[in-house]
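# below are the sequence and a predicted model; questions follow.
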Amino acid sequence: MTHDIKTSPLELIAARADLPVEDIDPGQTLEDIGLDSLSLMEIALSMQSLYAVDIPEGALSAKQTVESAVSYLHDQCA
C-alpha cells in the first residue's frame, strides 16, 4: 500500500477532526477545526506509523494553522 505524502497529512487531520477534506480551510488553526493536544498526538503517532519518521512530542500545536501543520508533516516524510 502506498501513501501520497502530499495528501495523507491533510487526510489524517480531516479524519481526526471528523470533517471532509474539502471543508477544511488551510488558514484555520487546528484548534478551530476541533483538534486538541490528544488529537494532535494521535495524528503524530499515525504519521510515525505510516512513514517510520519521528515526530517529536509537541511538534504540532493547536494554535498552528492547518497549512503549517500539513507542511511540517509533509517535510518530515520527505
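Noted; the coordinates are in hand.
# list the helices and strands the longest helix anywhere in the chain packs on?
Under DSSP state H, the helix in the chain containing the largest number of residues is helix 37-51. Counting contacts by 3 or more CB pairs under 8 Å, 6 or more residues apart in numbering; DSSP states H and E, helix 37-51 is packed against helix 8-17, helix 66-77. Heads up, the C-betas are built off the backbone N, CA and C, glycines and all.
# any idea how far residue 44 is from residue 23?
Computed as CB to CB, to the nearest Å, the residue 23 to residue 44 distance reads 22 Å.
# more neighbours, these two?
Taking neighbours as other CB atoms under 10 Å, residue 23 and residue 44 compare with residue 44 leading, 22 against 9.
# isn't the more buried one up against residue 58?
No: contact criterion CB atoms under 8 Å: residue 44 and residue 58 do not qualify, at 9.3 Å.
# list residues touching both of those two?
Counting by CB atoms under 8 Å, 6 or more residues apart in numbering, residue 44 and residue 58 have no shared contacts at all.
# show the pLDDT at residue 35.
At residue 35, the pLDDT value in this model is 98.
# can you check residue 2 too?
For residue 2, the pLDDT comes out at 46.
# for residue 52, same thing?
Confidence at residue 52, expressed as pLDDT, is 88.
# that one: neighbour count?
For residue 52, using other CB under 10 Å, the count is 8.
# which residues touch it?
Shown in contact with residue 52 (CB under 8 Å, 6+ apart): no residues.
# I'd like to know how far it sits from residue 12.
15 Å.
# then residue 53?
From residue 53 across to residue 12, the span is 13 Å (CB to CB).
# what's the closest non-adjacent residue to residue 34?
residue 17 (5.1 Å; CB to CB, 6 or more residues apart in numbering).
# show me the beta-bridge partners of residue 29.
Counting by DSSP bridges, residue 29 forms beta bridges with residue 65.
# tell me the contacts of it?
With contacts defined as CB under 8 Å, 6+ apart, residue 29 is in contact with 62, 63, 64, 65, 66.
# skipping adjacent residues, who's closest to residue 40 in space?
Once flanking residues are discounted, residue 40 sits nearest to residue 60: 4.2 Å by CB to CB, 6+ apart.
# I'm done for today, thanks for sticking with me.
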